[in-house]
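[1] generate coordinates for the sequence data below:
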Amino acid sequence: MKKRDIKDFSRPELEAWLKERKIAPYRAGQIFKWIYIRQADSFEEMTDLGKELRALLVENYTIPRLEKANVEISSDGTRKYLFRLADGEYTESVLIPGKDRKTLCISSQVGCAQGCKFCLTAQGGFKRNLTAGEIIGQVRDVLSDLPMPEGAAETEKPFQNIVFMGMGEPLANLPRVLTALSILTDGDYGLRFSARRITVSTCGLVGRLPDLGANSPVNLAVSLNATDNTTRSALMPVNDTYPIETLLSALREYPLRHREKITIEYILMKGINDTDEDAARLIRMLRPLSVKINLLPFNEHEGSDFKRPDNDAVDHFLQLLHDAGYTAIVRQSKGQDISAACGQLRANQLNKTSDA
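    Residues are numbered from 1 along each chain as shown. So this is what the prediction gives:
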């Protein structure tokens, strides 16, 4: 019998498995605490469980770590992790320092099937979905990799925010993402992150938005990147299925908590979507929505035809949004002295392997 990664299971799923074997469901909470709070690597460490239960867990499950194939550390404190998975595939996570807190950017797939023209990950194509355990493993393993101050409380963490903005489209792997989110936000037995500190970013898979909104209270970010369908379809093939009007209609129906806003991500590309006319259309189309806007100057990488606008153009676009009353910021790229672009570390590794 092949053993399963126990991190693939939500707490209710593990409770049901235990109940089927006449074992008290509360044991699932004890197991979760060992895995996610105490960072246990074996079931033998779980000393408040009986020997028979520990033996049953050993017989059926594993608690694997992801293999750190490479870690690059930037002069600005950015840490980029390349994880080698059990089947030899690779995925990435990035720890990004901020003024007041750190953010971990994690992946949901190996590669991506959405084909966005500006995205380096898309150039490598889609390999497979990550399991819930592999998604959770990125967070759990980065937590264990970072030193905590001496005397820090059990609930303190070396980073506070998590964004699903790495490799892959989270809504294309929604069941496993939802399982991972339930563990991340489990305040009693899981990783104890606030849902308000977690953001899921989508290219606009409209058909999956209701399921996300109904099943998890995390923040939503939408990669828009254009203000007309012709341009957006040229950049993002998903727009052929879900054009801008359909996407905006779905966002109007998306459930939001009091004072919560949807984040609109807009990658500024020179001569593509950075004109005054683009800004004016963006201002008009977002009026019915509760949004904040993140402008991201394009992060140039080798082989890309797209260019970053100069700083004056970025500042001007931002000012137009501010003048219209929007909350908007420019999100500067971090880790410029390492493999900064999403998918770049994996691409470099695959190139090494093919050259060997």
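[2] tell me what the residue most central in space within the chain is bridged to.
    Centroid check for the chain by CA atoms, centre = their mean gives Phe164 as the closest residue, at 1.2 Å. Beta bridges link Phe164 to Val200 when assigned by DSSP bridges.
[3] isn't it right next to Val177, touching?
    Yes - assessed by CB atoms under 8 Å, Phe164 is found in contact with Val177 at 6.8 Å. Quick note: C-beta positions are derived from backbone N, CA and C, even for glycine.
[4] find residues that contact each of the two.
    Jointly contacting Phe164 and Val177 under the rule CB atoms under 8 Å, 6 or more residues apart in numbering are Ser108, Pro170, Val200.
[5] scan the residues you listed and report the most crowded one.
    When those are compared by neighbour count (other CB atoms under 10 Å), Pro170 ends up highest, at 30 neighbours.
[6] for that one, give its distance to Ile267.
    Distance of Pro170 to Ile267, computed by CB to CB, to the nearest Å: 18 Å.
[7] what do you get for Met167?
    Plainly put, Met167 is 16 Å away from Ile267 if you go by CB to CB.
[8] more crowded one of those two?
    Each of Met167 and Ile267 has its neighbours counted (other CB under 10 Å); Met167 has more, 28 against 24.
[9] wait, a strand at that one?
    No - under DSSP: H, G, I helix; E, B strand; the rest coil, Met167 falls outside any strand and is assigned coil.
[10] how about Leu82, secondary structure?
    Leu82 - assigned by three-state DSSP - is strand.
[11] pLDDT score for the residue nearest to it when sequence neighbours are not counted?
    The shortest distance from Leu82 to any non-neighbouring residue, by CB to CB, 6 or more residues apart in numbering, is to Asn70 (4.1 Å). Asn70 carries a pLDDT score of 95 in this model.
[12] and if you look at the one 3 residues further on?
    With respect to pLDDT, Ile73 has a value of 93.
[13] skip the chain neighbours and tell me the closest residue to it.
    Spatial nearest neighbour of Ile73, chain neighbours left out: Arg79 (5.2 Å); criterion: CB to CB, 6+ apart.
[14] please name the bridge partners of the closest residue to Gly77 other than its chain neighbours.
    Leaving aside its sequence neighbours, Gly77 sits nearest to Pro97 (CB to CB, 6+ apart; 4.0 Å). For Pro97, the beta-bridge partners under DSSP bridges are Lys102.
[15] how many neighbours does Pro97 have?
    Counted with other CB under 10 Å, the neighbours of Pro97 add up to 16.
[16] and the helix or strand Leu143 falls within, how far from the chain's centre?
    Leu143 is located in helix 132-145, with elements delineated by DSSP states H and E. Averaging C-alpha positions (CA atoms, centre = their mean, to the nearest Å) puts helix 132-145 12 Å from its chain's average.
[17] cool, stretch 180-189 as well?
    Worked out by CA atoms, centre = their mean, stretch 180-189 lies 15 Å from the chain centre.
[18] returning to what we had before: and the shared contacts of Phe164 and Val177 as CSV, adding pLDDT and distance to Gly207?
    Putting the shared contacts of Phe164 and Val177 into CSV (pLDDT from 0 to 100; distance: CB to CB, whole Å) gives the following:
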residue, pLDDT, distance to Gly207
Ser108, 98, 17
Pro170, 98, 14
Val200, 98, 15
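[19] residue ranges of the helices in the stretch 151-300 of the chain, please?
    174-184, 209-215, 229-235, 238-241, 244-253, 276-285 (DSSP state H, counting those that start in this stretch).
[20] which of these sits most buried?
    The highest average neighbour count among these, using mean count of other CB atoms under 10 Å, belongs to helix 174-184 at a mean of 23.
[21] mind listing what the residue nearest to Phe193 when sequence neighbours are not counted touches?
    Excluding the flanking residues, the one nearest Phe193 by CB to CB, 6+ apart is Leu184, at 4.9 Å. Residues in contact with Leu184 (CB under 8 Å, 6+ apart) are Ile136, Val139, Ile162, Gly190, Leu191, Phe193, Ile198.
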